[in-house]
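Colleague: Provided below for reference: sequence and predicted model.
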Amino acid sequence: MADMASTTAPAPTVGFDLDMTLIDSRPGIRACYQALSERTGTYIDADLAVTRLGPPLAEELINWFPEDRLAEIADLYRAMYPSIAIAATPAMAGAREAVDAVKAAGGRAIVVTAKFEPNAKLHLEHLGIHPDEVVGNLWAEQKAQALREHGASVYVGDHLGDVRGARKAEALSLAVATGPCSAEELRAAGADVVLDDLTQFPAWLAGYRPARA
């Protein structure tokens, strides 16, 4: 009976973060911040900013602009972003293979990100990564909303906020140490599994069985 249950268990829905999980967004975001600095005449340390990727855009902009201009500057940044950042941004090692592995197993792959959703979709289209759904504008615990809605049993991310989102959704938190948070920080935050990068994901997925199946 146990063998039959394992072979008939439904294929999982796996959620993925975007920045520093599926894509190395540092080159594109750095270039966009530099262009924003030139456009507005406001100093932005772009090299510092790209060490803090993960939280929503406004949480970075508040370091450089007054609060009453955040909405205006965020709109400007997002409008400039496609022509500057998309082509400059590569996929992370193993990203395409990770998404494809979920689909090959009969599961669904969704992307849940804090990034502005239209720009997130442009990145994925440009890089030839094809998830089943893309949900943007959600950060940390807010991601649980989309993960629950789509029935995700696993959420893959690189940030402590991703771990919190997975745990709130009661999904397994699989962390990759490819972003600003170390493997030790991710484990301490409660990640269930920590991988060096996504190249290790297909082998992990091959042995995964949803706990609630």
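Modeller: Structure received. Everything numeric in this text was worked out from a predicted model, so none of it was measured.

Colleague: for this protein, what are the low-confidence residue spans?
Modeller: For the chain, the stretches flagged by pLDDT under 70 are 1-9, 211-213.

Colleague: got the domain boundaries for it?
Modeller: The record assigns the chain these domain ranges, following automatic domain parsing: 2-24+90-206, 26-85.

Colleague: Now tell me what touches whichever strand or helix holds Val102 from outside.
Modeller: If you go by DSSP states H and E, Val102 is part of helix 95-104. With Cβ atoms under 8 Å, 6 or more residues apart in numbering as the test, helix 95-104 has contacts from 11-12, 14, 16, 21-23, 108-109, 127-132, 156, 198-199, 201-202, 205-206. Every C-beta, even on glycine, is put in place using the N, C-alpha and C of the backbone.

Colleague: Which of those residues are buried? Put it as a PyMOL command.
Modeller: In PyMOL syntax, the buried subset of these is picked out as below (16 or more other Cβ atoms under 10 Å):
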select buried, resi 11+12+14+16+21+22+23+108+109+127+129+131+156+198+201+202+205
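
Colleague: what's the closest non-adjacent residue to the residue positioned nearest the centre of the chain?
Modeller: Centroid check for the chain by Cα atoms, centre = their mean gives Asp17 as the closest residue, at 1.8 Å. Among residues not flanking Asp17 along the chain, Gly157 sits closest, at 3.6 Å (Cβ to Cβ, 6 or more residues apart in numbering).

Colleague: Phi and psi next, for the one you found.
Modeller: phi -160, psi 180 (degrees, to the nearest 10).

Colleague: Go ahead and confirm it touches Arg164.
Modeller: No - applying Cβ atoms under 8 Å, one finds Gly157 not in contact with Arg164, separated by 9.6 Å.

Colleague: more neighbours, those two?
Modeller: Higher neighbour count among Gly157 and Arg164: Gly157, with 33 against 20, using other Cβ atoms under 10 Å.

Colleague: what about that one, distance to Gly207?
Modeller: Distance, Gly157 to Gly207, using Cβ to Cβ, to the nearest Å: 20 Å.

Colleague: cool, and Leu147?
Modeller: Distance from Leu147 to Gly207, by Cβ to Cβ: 22 Å.

Colleague: Please compare these two by neighbour count and tell me which comes out ahead.
Modeller: It is Leu147, of Leu147 and Gly207, that has more neighbours when counted by other Cβ under 10 Å, with 25 against 6.

Colleague: A helix includes that one, no?
Modeller: Yes - residue state for Leu147 (DSSP: H, G, I helix; E, B strand; the rest coil) corresponds to a helix.

Colleague: Show me what the helix or strand in which Glu59 is found is packed against.
Modeller: Following DSSP H and E, one finds Glu59 within helix 57-61. The criterion is 3 or more Cβ pairs under 8 Å, 6 or more residues apart in numbering; DSSP states H and E, and the helices and strands that helix 57-61 contacts are helix 70-85.

Colleague: can we see that at 10 Å?
Modeller: helix 26-40, helix 46-49, helix 70-85 (3 or more Cβ pairs under 10 Å, 6 or more residues apart in numbering; DSSP states H and E).
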